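**Student:** next one to model:
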Amino acid sequence: MKKKRRKTARRPLTEKQKQAAQLFFDAHGTGEIAAIVGVHRCTIWRWFQRKDFQRELRRIEKEWKDATRRRILKEMHESDEYKRQQAVRKAAMGRLRRAEKRLEALNGAGNVAEIRRALSAHTRAFDDVYGPALAAFGWERSSQKTSKKKRAAEPVKYVIKFI
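**Tutor:** From the prediction side, this is the model:
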């Protein structure tokens, strides 16, 4: 019968191992990392097999992603184009809310022409607010050959544009 091996706690990563993880993340090869850290390349390979080393690599990657995301968002929010887009979107949202209130008020009452005008205004406001975001994800407004009156009474349709 086999003897059970006792699990011993692994020692935490050393400074050399942490340096190797950072160098690996910075796109250095195994041989290059070994030369910089001062160990044999087989040792580097053994370190890569350790779960805590893999955890350290994931932690470094997450820190890098978070820092990059924060930097990009900061630059984006400071740009004049972003501020202009926000102002345009805010105005379009106001038009969309007004059009929705008008549609609710006309629900079941009023003539057909008035409802069509309200729906058309709602459609234009919806396009102003959500059109750019949908276009960024590969969606575009469907272009059906219909008359202007019929198109105003239909709901907005978006389709995926295959590239």
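
**Student:** and this structure, split by domain according to the record?
**Tutor:** Domain assignment of the chain by automatic domain parsing yields the ranges 15-75, 89-160.

**Student:** in this protein, which spans are helices?
**Tutor:** 15-25, 30-37, 41-49, 51-78, 80-106, 112-136, 148-153 (DSSP state H).

**Student:** so what secondary structure elements neighbour the third one?
**Tutor:** Under the contact definition 3 or more C-beta pairs under 8 Å, 6 or more residues apart in numbering; DSSP states H and E, helix 41-49 sits against helix 15-25, helix 30-37. (Glycine included, C-beta is placed from N, CA and C.)

**Student:** relative to residue 64, how far out is residue 27?
**Tutor:** 12 Å (C-beta to C-beta, to the nearest Å).

**Student:** so which of the two has more stuff around it?
**Tutor:** Neighbour totals were compared for residue 27 and residue 64, and residue 64 leads with 12 against 7 (other C-beta atoms under 10 Å).

**Student:** quick one: contacts for the more buried one?
**Tutor:** Contacts for residue 64 (C-beta atoms under 8 Å, 6 or more residues apart in numbering) come out as residue 25.

**Student:** where does it land on pLDDT?
**Tutor:** Per-residue pLDDT puts residue 64 at 90.

**Student:** over to the one 4 residues further on?
**Tutor:** Note for residue 68: predicted pLDDT of 88.

**Student:** measure it to residue 62 for me?
**Tutor:** Plainly put, residue 68 is 11 Å away from residue 62 if you go by C-beta to C-beta.

**Student:** now do residue 34
**Tutor:** 25 Å.

**Student:** neighbour count winner among those two?
**Tutor:** Of the pair residue 34 and residue 62, residue 34 is the one with more neighbours under other C-beta under 10 Å, namely 19 against 10.

**Student:** so who does the closest residue to residue 28 other than its chain neighbours touch?
**Tutor:** Once flanking residues are discounted, residue 28 sits nearest to residue 36: 7.2 Å by C-beta to C-beta, 6 or more residues apart in numbering. By C-beta under 8 Å, 6+ apart, the residues touching residue 36 are 19, 23, 28.

**Student:** the second one and residue 33 touch, don't they?
**Tutor:** Yes - with contact defined as C-beta atoms under 8 Å, residue 23 counts as touching residue 33 (4.7 Å).

**Student:** sounds good, over and out.
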